[in-house]
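>>> how would this look folded up:
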Amino acid sequence: MPEYLKFEHDVLVIGAGGAGLRAAIEAASVPGLKVGLVCKSLLGKAHTVMAEGGIAAALATVNSADSWKVHFADTMRGGQYVNSWRMAQLHAQEAPQCVLELEAWGAVFDRTTEGKILQRNFGGHRYPRLAHVGDRTGLEMIRTLQDHGIHQGIDVHMECTVVSLLKDGDRVVGAFGYDRQRGRFMLFQAKAIVLATGGVGRAYKITSNSWEYTADGHALAYNSGADLADMEFVQFHPTGMIWPLSVAGILVTEGVRGEGGVLRNSLGKRFMFDDIPENYKSQTADSEEEGWRYTQGDKQARRPPELLTRDHVARCIMREVKAGRGSPHGGVFLDISWIKERIPSAAEHIKKKLPSMYHQFKQLADLDITTTPMEVGPTTHYIMGGVRVNPDTQMSTVPGLFAAGECAAGLHGANRLGGNSLSDLLVFGKRAGKYAAEFAKGKSQGKINTDEVDSIAKTTLEPFDRVSSSGSTGEGPFRIQHELQEKMQDLVGIVRTEKEMLTALDELEKLKKRSSVVAVDGNREYNTGWHTALDLPNMLVISEAITRAAIERKESRGGHFREDFQNKEKAFGEFNIIIRRGAGGEMKVVREPIAEMPAELKQIIEEQAK
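Reported below is the predicted structural model:
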């Protein structure tokens with residue numbers, strides 16, 4: 001039997017981004033509870049630091065007409081009404097207090113002239129709603145949560161990856177993983193577990209996601225028997241860098257458009273005015289002049305079409321490229337430099353409002369955004385789908401297993417509004433931590449099946465056993481990951497057809513067989529090949545879940561666009577698609593009716609549509 005490093009916690013949080021840190025802080029606030037926090041990278045280096053635009057919360061510091069009701073209606077409209085209405089309600093109601101709590105813990109936000117938290121415009125939001133710190137809001141959030149969290153008595157396990165959850169009957173009772181530096185196995189015993197592992201972007205070729213986003217939490221939950229929901233809804237952020245190739249996919253914040261940036265095709269035309277969805281026409285500017293006034297704080301003006309929802313803007317960009325009106329490298333132009341026509345000292349204004357974007361383009365593309373338009377195109381950014389959770393408690397369909405943040409489903413429906421991700425992390429990270437602690441308080445530690453643990457350890461080491469006595473190896477993991485990314489980008493990307501997705505399923509099956517016999521050389525210390533070999537099964541099973549859910553949804557809605565079913569169908573708006581592991585290990589696809597929305601919430605949506 002191998003030797004394991006053993007740890008015992010009341011609550012174990014897997015993932016140390018915004019949701020994980022907030023969950024751990026909340027759970028640790030309960031006297032007597034022992035809380036563990038597992039980081040795949042170093043503490044403070046989670047993907048949340050890459051978030052740029054801001055935290056969406058109806059603080060109403062810039063426009064007093066804003067309220068939780070408007071935020072709720074915006075979120076439901078953006079999600080095409082397949083969201084969990086209860087999660088959207090809680091999120092809109094609780095986000096302002098969560099932002100003020102962050103401020104009380106030391107977060108330094110940009111300020112209005114009156115000293116209040118400044119809020120900026122963002123796509124899909126009716127009013128300026130994003131509390132921000134320049135374009136480095138995620139970094140400030142993580143810094144604040146980390147600085148506050150390290151004083152709460154949380155045990156932090158850095159550079160560790162969890163490969164399997166452990167159950168005692170139906171209940172989750174632990175987790176098994178390894179230390180990425182030395183390759184030592186780690187056995188965690190816990191009364192409750194919170195998954196906060198982020199997204200799945202590394203299954204795609206072009207992505208804004210960091211190396212950690214290999215679908216770990218989604219796969220851990222699925223393999224333990226938890227339901228997944230809304231997996232067909234993958235968001236392709238409309239503005240990622242596309243040139244040079246070494247930076248393809250790196251995010252260009254929506255804040256550029258919020259500060260007055262415009263999208264133009266190769267003819268110099270602002271093409272977004274050509275396609276404004278019917279349900280947004282009453283809230284969208286019908287002239288460039290009105291759109292500019294909106295970005296400058298005119299409360300009577302309507303938002304420019306560049307600030308429509310991300311799914312729509314991304315498809316409009318692709319339309320221009322396919323029509324031959326794209327930029328030289330296959331995107332369109334995002335221009336913030338044009339504001340020099342409107343305001344004095346424009347260059348300094350841009351550097352002050354968008355410091356990260358200025359340095360990002362200057363350092364990585366040798367381009368000055370204060371004088372030159374940027375080339376941008378869609379990049380895989382976020383998955384709306386994830387672990388199906390109880391809207392109030394964040395517990396999954398497996399007792400003792402909770403989820404929050406991007407790896408949980410429900411809040412965003414078919415499409416996430418910019419800025420709602422960071423407030424999602426705060427609101428539902430806090431709730432997950434609270435209810436995980438409550439669950440743990442009433443439970444004793446479950447029994448760990450040592451035979452199961454030994455079997456998992458053996459499987460984890462098998463890639464090393466596939467090296468021949470002569471030293472030659474079989475196929476390596478990096479080639480398989482590259483092919484997976486190519487297939488998902490080409491066959492289950494921004495535009496989908498049933499024929500291509502059925503081909504994707506066949507290709508995924510072949511890749512699964514190849515990954516099951518993948519070989520790695522070297523030893524367990526600092527071995528990125530071994531790490532990738534262990535990540536592959538997660539990315540493959542979740543890629544299959546995305547594909548099967550997308551085949552099932554025979555319509556176009558939000559982030560899911562079917563070229564063979566281009567219209568939105570009323571019948572498909574009445575259920576969510578659930579992915580469930582069958583008794584024999586097969587993947588099942590189930591339609592789950594959406595619960596009836598209370599009359600008072602329906603009324604809010606109707607009133608805000610006027």
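>>> contacts and neighbour counts: CA atoms only from here.
Fine.
>>> buried ones in the strand or helix carrying residue 539?
For residue 539, the host element (DSSP states H and E) is helix 528-552. Residues of helix 528-552 classed as buried: 529-551 (neighbour count, 16 or more other C-alpha atoms under 10 Å).
>>> which secondary structure elements does that helix contact?
With contacts defined as 3 or more C-alpha pairs under 8 Å, 6 or more residues apart in numbering; DSSP states H and E, helix 528-552 has these neighbours: helix 216-223, helix 450-465, helix 477-491, helix 498-515, strand 575-581, strand 587-593.
>>> what about the residue nearest to residue 377 when sequence neighbours are not counted, distance to residue 248?
Distance criterion C-alpha to C-alpha, 6 or more residues apart in numbering; nearest residue to residue 377, sequence neighbours excluded, is residue 331 at 4.6 Å. Separation of residue 331 from residue 248 (C-alpha to C-alpha, to the nearest Å): 11 Å.
>>> Can you work out which residues contact both of the two?
Listed contacts common to residue 331 and residue 248 are residue 242; contacts here mean C-alpha atoms under 8 Å, 6 or more residues apart in numbering.
>>> Low-confidence stretches in this protein?
1-2, 468-473 (pLDDT under 70).
>>> Break it into its domains for me.
The record's domain parsing of the chain by automatic domain parsing lists 243-378, 458-593.
>>> possible to save these as a markdown table with distance to residue 12?
Shown next, in a markdown table, are these (distance: least, C-alpha to C-alpha, whole Å):
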| stretch | distance to residue 12 |
| --- | --- |
| domain 243-378 | 31 |
| domain 458-593 | 20 |
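>>> Please identify which of these is closest to residue 225.
domain 458-593 (6.0 Å; C-alpha to C-alpha).
>>> Let me see the ranges of the helices in the stretch 101-250 of the chain.
Here the stretch 101-250 of the chain has its helices, by DSSP state H, counting those that start in this stretch, at 137-149, 216-223.
>>> and these as CSV, adding mean neighbour count and distance to residue 510?
Formatted as CSV, these follow (neighbours: other C-alpha atoms under 10 Å; distance: least, C-alpha to C-alpha, whole Å):
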stretch, mean neighbour count, distance to residue 510
helix 137-149, 21, 38
helix 216-223, 26, 19
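>>> what's the closest of the domains of the chain to residue 423?
Nearest of the domains of the chain to residue 423, taken as C-alpha to C-alpha: domain 243-378 at 16.1 Å.
>>> end to end, how far does that closest one reach?
One end of domain 243-378 to the other measures 12 Å (C-alpha to C-alpha).
>>> Ok, stretch 44-51 next?
Criterion C-alpha to C-alpha; first-to-last residue distance in stretch 44-51 is 13 Å.
>>> Name the residues that touch that stretch?
Residues from elsewhere that reach stretch 44-51 (C-alpha under 8 Å, 6+ apart): 16-18, 39, 136-143, 146, 198, 209-210, 212, 422.
>>> Can you name the residues that contact residue 72?
Listed by C-alpha under 8 Å, 6+ apart, the contact set of residue 72 reads 88, 89, 91, 92.
>>> ugh, wrong one, I meant residue 279
Going by C-alpha under 8 Å, 6+ apart, residue 279 touches residue 609.
>>> quick revisit: got TSV for the helices of the stretch 101-250 of the chain, with distance to residue 524 too?
What follows is those, written out as TSV (distance: least, C-alpha to C-alpha, whole Å):
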stretch	distance to residue 524
helix 137-149	30
helix 216-223	20
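>>> Which one, of those, ends up nearest to residue 282?
helix 137-149 (30.6 Å).
>>> separation between residue 200 and residue 210?
From residue 200 across to residue 210, the span is 10 Å (C-alpha to C-alpha).
>>> So the two - more neighbours on which side?
residue 200 (32 against 16; other C-alpha atoms under 10 Å).
>>> Give me the phi and psi angles of the more buried one.
Backbone dihedrals for residue 200, given as degrees, to the nearest 10, come out at phi -130, psi 10.
>>> hang on, isn't it packed against residue 540?
No - applying C-alpha atoms under 8 Å, one finds residue 200 not in contact with residue 540, separated by 10.3 Å.
>>> got any residues that touch both of those two?
Counting by C-alpha under 8 Å, 6+ apart, nothing touches both residue 200 and residue 540.
>>> before we move on, the earlier item: so for residue 75, which of the helices and strands packed on helix 528-552 sits nearest?
So among the helices and strands packed on helix 528-552, strand 575-581 is nearest, using C-alpha to C-alpha, at 16.7 Å.
>>> What pairs with that closest one, parallel or antiparallel?
Applying DSSP bridges, strand 575-581 is found paired with strand 228-229 (antiparallel), strand 587-593 (antiparallel).
>>> between the ones you listed, which one is nearest to residue 295?
Closest among the strands paired with strand 575-581, using C-alpha to C-alpha: strand 228-229, at 35.8 Å.
>>> what's in contact with the closest one?
Strand 228-229 has contacts (C-alpha under 8 Å, 6+ apart) with 218, 221-222, 385-388, 409-410, 576-580.
>>> Dump those to a markdown table, plus distance to residue 259.
What follows is the contacts of strand 228-229, written out as a markdown table (distance: C-alpha to C-alpha, whole Å):
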| residue | distance to residue 259 |
| --- | --- |
| 218 | 35 |
| 221 | 40 |
| 222 | 41 |
| 385 | 30 |
| 386 | 32 |
| 387 | 35 |
| 388 | 36 |
| 409 | 30 |
| 410 | 30 |
| 576 | 36 |
| 577 | 37 |
| 578 | 39 |
| 579 | 40 |
| 580 | 43 |
